[in-house]
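S.K.: Next comes the sequence, and after it the predicted model I'd like to discuss.
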Amino acid sequence: MSFRKHPFFLLILLTIISCKKEEKLLALATSDDDVSMFNDAIRNHYFKTLDSAAFYIQKVDTLKLLEENKANFLKSREWYKRAEPMLMAYDNENYLSMNAPNLLKVEIDDYQDIKVIKPKSYQVLVELLYAEEGFENKDVEYVIEYLKVRIPYIRKNHILIRQRDRHHLKMVRDAIVNVATKGITGFDSPMLANSLNEAIYNYETIQEILGIYEPAFASNELYQSWIDEIKKTISDLRAGDFDSFDRYAFIKNHTNRQLELINKTAEDWNIELNTSRPLNPTATNLFDKDFFNIKLFSVPRSPEITDERIELGRMLFNDESLSSTGNISCATCHHKEKAFTDGLKKARGIANVELQRNTPTLTYAVYQKTMFYDGRATGLEDQIVNVVNDKNEFHMDLDKLEHRIKENPLYVQQFDSLYNGKINNRNARHAIATYIRSLAPFDSKFDKNMQGHEDTLTEEEILGFNLFMGKAACATCHFPPAFNGTVPPKYMETEFENLGVPQNASFEHPILDKDPGQYYPYKVEEKRNFFKTSTVRNVELTAPYMHNGVYKTLEEVVNFYNVGGGQGMGLDVPYQTLPPDSLHLTEKESKALIVFMKTLTDTAFENKSDGLVAER
């Protein structure tokens, strides 16, 4: 039949095409300020996942056979994982509690308000149900009853009401980052090693969200690119097993590709992602130097980071006249050629007095939410106050610091042009902190390979990364891309761990280190021996290692983790967060881990250049 001969049918066809176009135009007509027209569909999917998770958790009962309970638990957790991207985006507090690690949580408001909270989460339940030595029914019932009540509560009190399209796109982006940085590492599935399947459940929800948004795509080609990419991602996740999975290829070929698609989708939908979050919304590579939004790791409303302020900060950082004795500067303990450490077991202060702990690197310190090993400072500027006031370090006060700066004509000139002539301790601290913030170039050999600028990683180095992110469980505490303890995908909190670090380097006759860590100032026993998780970047240059400098070599450090930390060596460490079981790393695997970590040395140190200031 020819449409040319039957104009009535041609009219119908044109009407259908016109309606399709109007439907797309209507979908695209929403602005950043409009509530998404897809909220109802996304909310319905959210309810479906929560209802399914609740249905299967209701079937877990200590009166039933263990295998039946395990099967129902796994189905409930599967549906929880399908809900996770939405839960993480729109109910983050419940996300954190529902899948919290099996560790005591301590909340401290003041000396009179200290809460020690026993976790009740999916992770706790899996460790109970799959424990080799069995479990107490009351412990299982304690967690089950919480989840049976909590999941319906989350559904009833949801806030998925007035989200905009940019919120849903950010939800997809955060889910992608979460899978790459935590999901494929075993972070929340250490016993089951079921991370790859659970990553699939996350991606199936991403696929569902994108399917709901199909009418919003002006470009059918872009939408199809998403669908093809998600299918390939799921296929690759299904093809691997936990220990052998190629996480390097996954991040390089899938995560980074998907971040590019996020940018294209924002452009296609004519929306802008929020810039008031720790992640730069336009970054298209997990290891790009601009992956983080550095402003969100600075003091609010502080002056812009400029090359001129970085240089002023560098001068102040190296100025010994700012100490009471006139012979100590920040650089006294933070040597540039040692990645801003000092090579000593413990730092040395005024009159060569030994300080309490090892000197940590300042590289990538900007991407931590708290400072010092015990977390007593809330930011770089606050850390500087502690150093200035400490009787064993600068032994000054902020007023004297200001006075000494004002005595220097060069500083007067610099502050006049960069801080409107205001020479005060606040601006001085900002300048020093700005210099420290510049020490995060993301230009190591590993970064350049991840960024696609080089193809120089050896098979051993890639194996080391895959072990770091998988079997060796390093990335469950040292999260990429900064490889420190700041937790993705929100990057709002830096973790502290109790590893059972000894005071001596003997593996046969260890003695537990006496440093109380976070025990003070509130004298909370459950925080004794807890220390901040520092970055692994530039670790090749920062020996000796641990908060007390007990280990001289990376080989010793890897061995410490391989045997299960302090508990694994037989020490009494009641609140150790590191699993005490051996990692069963072979000699080849331990060597590969170390070889990988050495690829995280920044280019400036490899070239022994005079500075380490990221290009801006």
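M.R.: Cool, got the structure.
S.K.: list the contacts for Lys308?
M.R.: Slight slip there: residue 308 is Glu, not Lys. 414, 417-418 (C-beta atoms under 8 Å, 6 or more residues apart in numbering). C-betas here are computed from N, CA, C, even on glycine.
S.K.: Which ones among those residues lie within helices?
M.R.: Mapping the contacts of Glu308 onto helices (DSSP state H) picks out 414, 417-418.
S.K.: Give me the buried subset of these.
M.R.: When the ones in helices among the contacts of Glu308 are checked for burial by 16 or more other C-beta atoms under 10 Å, the buried set is 414, 418.
S.K.: Tell me the one of the ones in helices among the contacts of Glu308 nearest Pro101?
M.R.: Leu418 (44.6 Å; C-beta to C-beta).
S.K.: How many residues are close by Val388?
M.R.: When neighbours are counted by other C-beta atoms under 10 Å, Val388 registers 21.
S.K.: Next, it: secondary structure please.
M.R.: At Val388, secondary structure determined by DSSP: H, G, I helix; E, B strand; the rest coil is helix.
S.K.: nearest spatial neighbour of it, skipping sequence neighbours?
M.R.: Once flanking residues are discounted, Val388 sits nearest to Phe394: 4.6 Å by C-beta to C-beta, 6 or more residues apart in numbering.
S.K.: what's the burial count for that neighbour?
M.R.: 25.
S.K.: give me every residue that touches it.
M.R.: Per C-beta under 8 Å, 6+ apart, neighbours of Phe394: 322-324, 328, 387-388, 401.
S.K.: same question, Gly349
M.R.: 328, 333, 355, 390, 392-393.
S.K.: That one and Ile436, how far apart?
M.R.: Going from Gly349 to Ile436 by C-beta to C-beta, to the nearest Å gives 19 Å.
S.K.: tell me the pLDDT at Leu96?
M.R.: We have a pLDDT of 91 for Leu96.
S.K.: Wasn't Asp290 part of a strand?
M.R.: No. Counting by three-state DSSP, Asp290 is not found in a strand; it is coil.
S.K.: OK, contacts around it?
M.R.: Counting by C-beta under 8 Å, 6+ apart, Asp290 makes contact with 280, 283.
S.K.: what about it, distance to Glu508?
M.R.: 48 Å.
S.K.: now swap in Lys182 and tell me
M.R.: Lys182 is 35 Å from Glu508, by C-beta to C-beta.
S.K.: Helices - which of the contacts of Gly349 land there?
M.R.: Going by DSSP H, the helices hold Cys333 from those.
S.K.: Quick one, which of the contacts of Gly349 are buried?
M.R.: For the contacts of Gly349, a neighbour count by 16+ other C-beta under 10 Å gives the buried set as 328, 333, 355, 392-393.
S.K.: Which stretches in this protein count as strands?
M.R.: 105-110, 113-117, 496-497, 531-532 (DSSP state E).
S.K.: Now do the buried residues in the first one.
M.R.: Within strand 105-110, the residues that qualify as buried by neighbour count (16+ other C-beta under 10 Å) are Val106.
S.K.: now for that strand, which elements pack on it?
M.R.: strand 113-117 (3 or more C-beta pairs under 8 Å, 6 or more residues apart in numbering; DSSP states H and E).
S.K.: what pairs with the strand it packs on, and is each one parallel or antiparallel?
M.R.: Sheet pairing of strand 113-117 (DSSP bridges) gives strand 105-110 (antiparallel).
S.K.: how distant is the partner strand from the center of its chain?
M.R.: 22 Å (C-alpha atoms, centre = their mean, to the nearest Å).
S.K.: Now do it, average pLDDT.
M.R.: Rounded mean pLDDT across strand 105-110 is 84.
S.K.: cool, and stretch 161-170?
M.R.: Computed over stretch 161-170, the average pLDDT equals 95.
S.K.: nearest residue to Glu556 other than its sequence neighbours?
M.R.: Among residues not flanking Glu556 along the chain, Ala505 sits closest, at 6.3 Å (C-beta to C-beta, 6+ apart).
S.K.: Nice, that's everything, thank you.
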